[in-house]
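S.K.: Show me how the following folds:
(one chain, ligands or ions: 2)
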Amino acid sequence: MFQSLAVRKAQGTQFIRDLRAAQPGGFRGKPLISDQTCAPNCRLCQEVCPSNAIELKADHADAVAIDLGRCVLCGDCAPVCPSQKLSFNNDVKLSATTRQGLVVTAARPHIDPVVMSAELHQRFGRSLKLRSVSAGGCNGCEMEVNALSNVNFDLGRYGIDIVASPRHADGLVLTGPISRNMMAALQICWEAIPEPKLVIAVGACAISGGVFADSEAIGREFLDKYPPSLYVPGCPVHPLTFISGVMDLLGIA
Ligand code: SF4
Ligand code: SF4
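M.R.: Numbering: from 1, shown residues only. Ligands and ions are numbered 1, 2, ... in the order given. Okay, here's the model as predicted:
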């Protein structure tokens, strides 16, 4: 028996006690842009970026902007930079309540903090049921959304659950760039969710179309009609990015 207990002790614990304080090792999170001057006529980072997430403004003091709503966190921009201007830390707190809040520059290094909604806190602060719809996603973000309920993250401890039926949901977790083939199904699911309800856009594809943004096979009118209450960046999203964003939005301590 003592041997079994020793093995169990050596295994440690998977359960993350403090989701607020958890920081994953090796995670490529928030972009850091130094105030180093760009090399003359350089566009190398923009050229390697697969999702057009980098905007360059020539002859501008704040020349480089990274849009986390488009960034797939591939990291390819950092090593090509001759000025060592770009790097990433492991901060998982990447969510924002506005689309513009996801753009970082050297002068504006922080993502806009998630703004707590008093209305959402009152309605859903103790219980939020979400229906997940993959609208043309690759299954990356979908797997991370599934992980929210596993033994590590156990988001259900805060009354936040992914549910099977939109009839039981308070909101929609949207993943994928919204392929045209999924537009009708997405709309039907949304209409089946009773009011009041909210949309959470999860992953670069859902937020901006990601690497599929220019594809003719996607149709994103849904988000024009129903703007998200929360944008959760990543490719795929880290569960802790989702968790910190939703907890901040709902005002969960
Ligand atoms: S890390 Fe983001 S900004 Fe940099 S190349 Fe990849 S997608 Fe583009
Ligand atoms: S950030 Fe680096 S790679 Fe991008 S334009 Fe400036 S010097 Fe070039």
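
S.K.: quick check: longest strand of the chain.
M.R.: Of all segments of type strand in the chain, defined using DSSP state E, the longest is strand 128-134.

S.K.: List the buried residues of it.
M.R.: Buried residues in strand 128-134, counted by 16 or more other C-beta atoms under 10 Å: 128, 129, 130, 131, 132, 133, 134. (C-beta placed from N, C-alpha, C; glycine too.)

S.K.: If we check ligand 2, which of those are in contact?
M.R.: Intersecting the buried residues of strand 128-134 with the surroundings of ligand 2, defined as C-beta under 6 Å from any ligand atom, gives nothing.

S.K.: What ranges in the chain fall below the confidence cut-off?
M.R.: For the chain, no stretch has pLDDT under 70.

S.K.: circling back to that earlier point, now the two most distant members of the buried residues of strand 128-134.
M.R.: 128 and 134 (19.4 Å; C-beta to C-beta).

S.K.: So which bits of the stretch 151-253 of the chain are right by ligand 2?
M.R.: Within the stretch 151-253 of the chain, no position is near ligand 2 by C-beta under 6 Å from any ligand atom.

S.K.: where do the helices sit along the stretch 1-150 of the chain?
M.R.: Using DSSP state H, counting those that start in this stretch, the helices assigned to the stretch 1-150 of the chain run over residues 2-11, 44-48, 77-80, 118-124, 140-147.

S.K.: among the ones you listed, which is nearest residue 191?
M.R.: So among the helices of the stretch 1-150 of the chain, helix 118-124 is nearest, using C-beta to C-beta, at 19.4 Å.

S.K.: Which residue is the nearest non-sequential neighbour of residue 61?
M.R.: residue 107 (7.5 Å; C-beta to C-beta, 6 or more residues apart in numbering).

S.K.: separation between residue 11 and ligand 2?
M.R.: Counting by C-beta to the nearest ligand atom, to the nearest Å, the gap from residue 11 to ligand 2 is 44 Å.

S.K.: Sorry, wrong one. I was asking about residue 71.
M.R.: As defined by C-beta to the nearest ligand atom, residue 71 lies at a distance of 14 Å from ligand 2.

S.K.: which ones are touching that residue?
M.R.: Remark: with contacts taken as C-beta atoms under 8 Å, 6 or more residues apart in numbering, residue 71 is in contact with 31, 49, 51, 53, 204, 233, 235.
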